[in-house]
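In: Pasting the sequence and the predicted coordinates here, then a few questions.
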Amino acid sequence: MPLELYLDLLSQPCRSVYIFAKKNNIPFDFKKISLMEGGQYGEDFGKVNMMRKVPAMRDGEFCLAESIAMMMYMVEKFKTPDYWYPADLHKRARVNEYLSWQHMSIRMHASKMFWVKVMIPKIMGREVPQEKRDAAIEDLDDSLKMLEEKFLQDGPFIAGDHFSLADLVAIVEVYQPVGAGVDVFEGRPKLSAWRDRVRQEIGPELFDEAHQGIMGAIEMVKSLDSSKMQAFKPRIQKMFF
Ligand SMILES: N[C@@H](CCC(=O)N[C@@H](CS)C(=O)NCC(=O)O)C(=O)O
């Protein structure tokens, strides 16, 4: 039986898991969970991931949450090429360093930008206060600066000479504000050149297919029925108002 991957490609960690499985020719059943329609609250999905987050994975009786854990599971189960998660002590440590850092930086700040610009005005019917919007931009800028100056430095990829899991996890996050209309690549030639290399490594066709939804998100969200997204309201209220 192939893996079951529960995904919504509007979600960054879902895109990384999707691209990883596709790029490595790992057979899987794509189980669509629409976050905009509250699919994460469905009864059956709760049995796969009680945290009610995507991505989620089922391999027979074994269920797993957390995108990075899923990709590491696939690395081991399917013996993917070494460059994804190198066996070399120092190269692996560089990948781990980025994967450990990104949760509270790029992941948090790039995602926040998408919510501030696209989701919250739709769900709440009003803008986030200006000072919180300014803080969100500042946080994202700081994270991108760190990605360039600490992690990329003058190298082609995060872990050095070769593309790895770290680049995949990074690029899907960096694209979230892009989907919200914020061109993070403008004025950042190092980041832009890295983006081009990563897209090339993944394969432009697969890269663009995985990002098609997020690139059309502004228009898509306009046509959504916001009453289906009311479950997000208390969390938004607590964080932004
Ligand atoms: N650390 C988790 C993050 C999962 C996560 O936050 N998923 C979001 C979409 S990007 C989600 O499912 N949100 C639904 C909700 O909060 O209701 C991972 O990497 O898999």
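Out: Received, thanks. Residues are numbered from 1 along each chain as shown.
In: So which bits of the longest helix belonging to the chain are buried?
Out: Assignment by DSSP state H gives helix 130-146 as the longest helix of the chain. Residues 133, 136-137, 139-140, 143-144 are the ones in helix 130-146 that count as buried (16 or more other C-beta atoms under 10 Å). Yep, even glycine has a C-beta here, placed from its N, CA and C like the rest.
In: Which elements pack onto that helix?
Out: Packing partners of helix 130-146 (3 or more C-beta pairs under 8 Å, 6 or more residues apart in numbering; DSSP states H and E): helix 106-114.
In: which residues are contacting the helix it packs on?
Out: 12, 136-137, 139-140, 142-144, 147, 170, 173-174, 176-177, 179-180, 182, 184, 217 (C-beta atoms under 8 Å, 6 or more residues apart in numbering).
In: So which of these would count as near the ligand as well?
Out: Q12 (C-beta under 6 Å from any ligand atom).
In: Excluding covalently adjacent residues, which one is nearest to the one residue sitting closest to the centre of the chain?
Out: Compute the mean C-alpha point of the chain, and by C-alpha atoms, centre = their mean the closest residue is Q12, 1.9 Å away. The shortest distance from Q12 to any non-neighbouring residue, by C-beta to C-beta, 6 or more residues apart in numbering, is to V172 (4.3 Å).
In: try N49
Out: What sits nearest to N49 in space, not counting adjacent residues and going by C-beta to C-beta, 6+ apart, is A56, at 3.8 Å.
In: The one you found contacts K47, doesn't it?
Out: No: using C-beta atoms under 8 Å, A56 is not in contact with K47; the gap is 10.0 Å.
In: And the two? Which one has more around it.
Out: A56 (27 against 11; other C-beta atoms under 10 Å).
In: on that earlier part again, let me see the mean pLDDT of the longest helix of the chain.
Out: Across helix 130-146, pLDDT averages out at 97.
In: Since that was my last question, I'll sign off now.
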